[in-house]
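> pasted the sequence and its predicted model underneath.
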Amino acid sequence: MTREEAGRVSIELAKTAEVFGEALSDVKLALYLEALDDLPERAVLWALAEARRTLSWWPKPGQIRQLLTGSPQDRA
């Protein structure tokens with residue numbers, strides 16, 4: 001993920017944190033960006049928007065990935 005892309009993902013993470021009433025520290029933000037760095041920006045932005053629409057809790061990085069790929073059971 002480029003620096004520009006990370007900036008846009010950071011904005012979406014902040015919006016998602018706000019929706020779920022979560023604090024988004026600099027450390028937490030950096031860890032999420034690191035965990036999602038191998039995914040295309042467009043996919044991460046979609047997954048975060050989908051999380052805001054459909055989840056009722058703050059998603060962990062693995063849950064954001066599951067929105068994109070389905071659960072292990074879905075892939076079996």
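Received, thanks.

> ok, now which ones touch V44?
Contacts here follow Cβ atoms under 8 Å, 6 or more residues apart in numbering; on that basis V44 touches M1, V9, E12, L36, I64. C-beta here means a position set from N, CA and C on the backbone, and glycine is covered the same way.

> can you rerun that using 10 Å?
Going by Cβ atoms under 10 Å, 6 or more residues apart in numbering, V44 touches 1, 5-6, 8-9, 12-13, 32-33, 36-37, 61, 64-65, 67-68.

> before we move on, what about D37?
D37 makes contact with M1, E5, A6, V9, V44, according to Cβ under 10 Å, 6+ apart.

> and what of E5?
By Cβ under 10 Å, 6+ apart, the contact list for E5 reads L33, D37, P40, E41, R42, V44, L45.

> go on, A14?
By Cβ under 10 Å, 6+ apart, the residues touching A14 are E22, L24, L29, L48.

> number of residues surrounding the second one?
Looking back up the chat, that one is L24. When neighbours are defined as other Cβ atoms under 10 Å, L24 has 17 of them.

> what of the one 3 residues further on?
Residues contacting V27 under the criterion other Cβ under 10 Å number 8.

> that one and E34, how far apart?
11 Å (Cβ to Cβ, to the nearest Å).

> repeat that for A6.
With distances taken as Cβ to Cβ, A6 is found 10 Å from E34.

> ditto for T2
For T2, the distance to E34 equals 14 Å [Cβ to Cβ].

> of those two, which one has the most company?
E34 (12 against 8).

> which ones are touching that one?
Here E34 is in contact with M1, A6, P61 (Cβ under 10 Å, 6+ apart).
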